[in-house]
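Chemist: Could you work out the structure for the sequence below:
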Amino acid sequence: MKKIFAIIALLAVTTLSFAQESGDKISFSATDLNGAPVTSEIFAKNKVTMLNIWGTFCGPCIREMPDLAKLSEANKANGVEVVGIVIDILDRKGNVDSRVKKSGEAIIKQTGANYTHIIPSKEMFSGVLKDVQAVPTTIFVDSNGTQIGEAHLGARSQKDWQKLIDEILKK
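Modeler: Predicted coordinates for the structure are as follows:
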């Protein structure tokens, strides 16, 4: 419980300091759950990247992950990729909490969400994650790393996300 409160407090403080908005360029350097480096260059591979920010403690996040996995597969040919950011994997000192990491890996396996999942770096908390007040939060990003529209709060079905993706691709 203390950890959840600390994460919420950190997010609230960073949200008050700065706000990521539509049209802002997103830049970061981090690692994925396997320890491989991941940077904002990941956006260049696709027309649109769907950044889904989730927590291992979040029921709605976990319930939508099977739909996100299906969405990811269904949209690869359209140049759309889903990428997860596991928001609660770092401890208060900024180190990976191995217990939470194992929990996250189990959730990914259980839900079939086999797309890339990023461990957020400290820089991400003052960048792309600074306006995240709750999870799940989803941000769409174009191939240049520019945020498309506003952040979307809450879980949605595959059908509802697909409508949103179709609208974005039409523009």
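
Chemist: In the chain, what residue spans correspond to strands?
Modeler: Remark: strands assigned in the chain by DSSP state E are 29-32, 37-39, 48-54, 80-86, 117-119, 137-142, 147-153.

Chemist: Show me what the fifth one is packed against.
Modeler: Secondary structure elements in contact with strand 117-119, counted by 3 or more CB pairs under 8 Å, 6 or more residues apart in numbering; DSSP states H and E, are strand 29-32, strand 80-86, helix 98-111. Any C-beta I mention is one placed from the backbone N, CA and C, and that applies to glycine too.

Chemist: Direction included, what does that strand pair up with?
Modeler: Strand pairing for strand 117-119, determined by DSSP bridges: strand 29-32 (antiparallel), strand 80-86 (parallel).

Chemist: With mean pLDDT and distance to residue 166 added, can I get the helices and strands packed on strand 117-119 in TSV?
Modeler: Formatted as TSV, the helices and strands packed on strand 117-119 follow (pLDDT from 0 to 100; distance: least, CB to CB, whole Å):
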stretch	mean pLDDT	distance to residue 166
strand 29-32	96	28
strand 80-86	98	10
helix 98-111	98	24
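
Chemist: To what extent is the residue nearest to residue 169 when sequence neighbours are not counted buried, counted in neighbours?
Modeler: Sequence neighbours aside, residue 78 is the residue nearest to residue 169 in space, at 6.3 Å (criterion: CB to CB, 6 or more residues apart in numbering). When neighbours are defined as other CB atoms under 10 Å, residue 78 has 13 of them.

Chemist: Residue 78: what's it in contact with?
Modeler: 47, 165, 169 (CB atoms under 8 Å, 6 or more residues apart in numbering).

Chemist: Could you tell me which of these are located in helices?
Modeler: Mapping those onto helices (DSSP state H) picks out 165, 169.
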